[in-house]
Each structure stands twice: as structure tokens, then as C-alpha cells.
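Asks: Show me the folded form of this:
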Amino acid sequence: MAFSHLINCLLLAFGPFFVVYKARSLAEQGAYKTVLISILGCLLTQFCKLFLLASLSVITEQLIHIKLLFDLIDCYGIILVSKQKTNIDDKLSRIFAIAIGWGLMDCVMKHLFTFIPNATTDEFTWTFILRGITANLEFFETLFLVGLLQSKNKISYGLILLKVLVLPNFQDIITRGGLSSIYMFVSRFII
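Replies: Numbering: from 1, shown residues only. Just a heads-up that it's a prediction; the model follows:
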């Protein structure tokens, strides 16, 4: 039972990456290099964020500002990855390849290392199924962000700032749920 629960959680979290990769036929377009570059870019930005978090540990009371800084680092990392030369001509396939690599590495860093030791216990809990659903929502958020960063116009940059400054995290919505997430959303407009 514990092993099948772990497999269910892993398939729920990592399955959409494989499905989107195969459905967009990115392998036939040679998108492996682009996916690998975006995986490495996400890994480098994660290390930069860890270094900044260790450096700024004195002022961790201002978590909103640190999260804003981390979101901007992610945006800058995605812009740097998208400037790399690849052999993909289709703009939409390039967006999907970058989002798959970035989202996959982000999912590995956030969810894999909690699934393996905790989802193999004898007790079944819904928290890991919810983490898998959260991983899916974060993948679509990454896809949205990469698409906005690829289109270079003022409206898309305004939407990115709206996403970074205003919209709540999917993790906040799932953990707090219901009315408190609506309260958080409205309070971010007022403050």
C-alpha cells in the first residue's frame, strides 16, 4: 500500500511533464537540449536563491519582500534561458520546452525529496496527493510565466508584475483554502 501510494504521488506530480512533452512532439523537434538548458538554469537560480536566503537570514521577518526577490530572480533566469540558441524554430514549442525543463527541476527540488521519505509510510494521508496537484498547478503557472516572458510587449510585463506582486501562491490556496485565500488575495490589493 505504501509503495503504491508513493507511485501514485510521483505519477501525479511528474506525469504531466511527460504527457506535455509527448503531446507537443518535442522529442521529434530536438527539444532535449532546450529542456536540459532550462533544467540547468533553474538549478542555478535555485542555488542563487539559497545563497541569498543564507545571506539575508537576518531579515527573514520580511518574507513578502524575499518572495518578491525570488520571483524576480526566477523571471530573470527564464529570460536568460530563453536567450540561449537552440534548434527549435516554432516559438510555441520553445515555450513548452523551457517550461517543461524549468517546471520539472522546480518540481524535483520542491516535491521529490518530500515524497520519497514521507509517502512510503504505512499511514495514508491526503497531503501528498495535494502536493502532487500543487505540482501540476505550479507547472501551469511556469508555463504561463514563460509564455508571458517570451512575448515582449508591455501588457505581458504588466501581467508578470501582477503575478509576482498580487496573485497568491497555489500552495497558499491549498493549505489555507476557502475564504482565507480570498482574504489573502483582497488584502494584497489593499496593502
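Asks: CA atoms for contacts and neighbours, from now on please.
Replies: Will do.
Asks: In the helix or strand in which Gln46 is found, which residues are buried?
Replies: In the assignment (DSSP states H and E), Gln46 maps to helix 32-55. Buried positions in helix 32-55, judged by neighbour count with 16 or more other CA atoms under 10 Å: 32-43, 45-46, 49.
Asks: repeat for stretch 8-23
Replies: Asn8, Cys9, Leu10, Leu12, Ala13, Phe14, Pro16, Phe17, Tyr21.
Asks: cool, and stretch 114-134?
Replies: Under the neighbour-count criterion of 16+ other CA under 10 Å, stretch 114-134 has Phe115, Ala119, Thr120, Phe128, Ile129, Leu130, Arg131, Gly132, Ile133, Thr134 buried.
Asks: send the alpha carbons of it over as CSV?
Replies: The C-alpha trace of stretch 114-134 is given here as CSV (Å, rounded to 0.1, in the frame of the first residue of the first chain):
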residue,chain,number,x,y,z
THR,A,114,9.5,15.1,0.4
PHE,A,115,7.7,12.3,-1.4
ILE,A,116,10.3,9.6,-1.1
PRO,A,117,10.8,9.5,2.7
ASN,A,118,7.2,10.6,3.7
ALA,A,119,4.9,9.0,1.2
THR,A,120,6.3,5.5,1.9
THR,A,121,5.0,5.3,5.4
ASP,A,122,2.2,2.9,6.4
GLU,A,123,-0.3,5.7,7.0
PHE,A,124,-2.2,7.1,4.0
THR,A,125,-2.6,10.8,4.1
TRP,A,126,-4.0,13.2,1.5
THR,A,127,-1.3,15.8,2.0
PHE,A,128,1.0,14.1,-0.6
ILE,A,129,-1.9,13.8,-3.2
LEU,A,130,-2.4,17.6,-2.6
ARG,A,131,1.3,18.2,-3.1
GLY,A,132,1.0,16.4,-6.5
ILE,A,133,-1.9,18.5,-7.5
THR,A,134,0.1,21.6,-6.4
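Asks: The buried residues of stretch 114-134: which two are farthest apart?
Replies: The span of the buried residues of stretch 114-134, defined through CA to CA, is set by Thr120 and Thr134 at 19.1 Å.
Asks: which other helices and strands contact the helix holding Gln46?
Replies: helix 63-82, helix 91-107 (3 or more CA pairs under 8 Å, 6 or more residues apart in numbering; DSSP states H and E).
Asks: among those helices, which is nearest Ala27?
Replies: Among these, helix 91-107 sits nearest to Ala27 (CA to CA), with 9.6 Å.
Asks: for that closest one, packing partners?
Replies: Here helix 91-107 touches helix 2-23, helix 32-55, helix 63-82, helix 127-150, going by 3+ CA pairs under 8 Å, 6+ apart.
Asks: Just the angle for that helix relative to helix 32-55, thanks.
Replies: Here the directions of helix 91-107 and helix 32-55 differ by 40 degrees (axes from the mean of the first three to the mean of the last three CA atoms, to 10 degrees).
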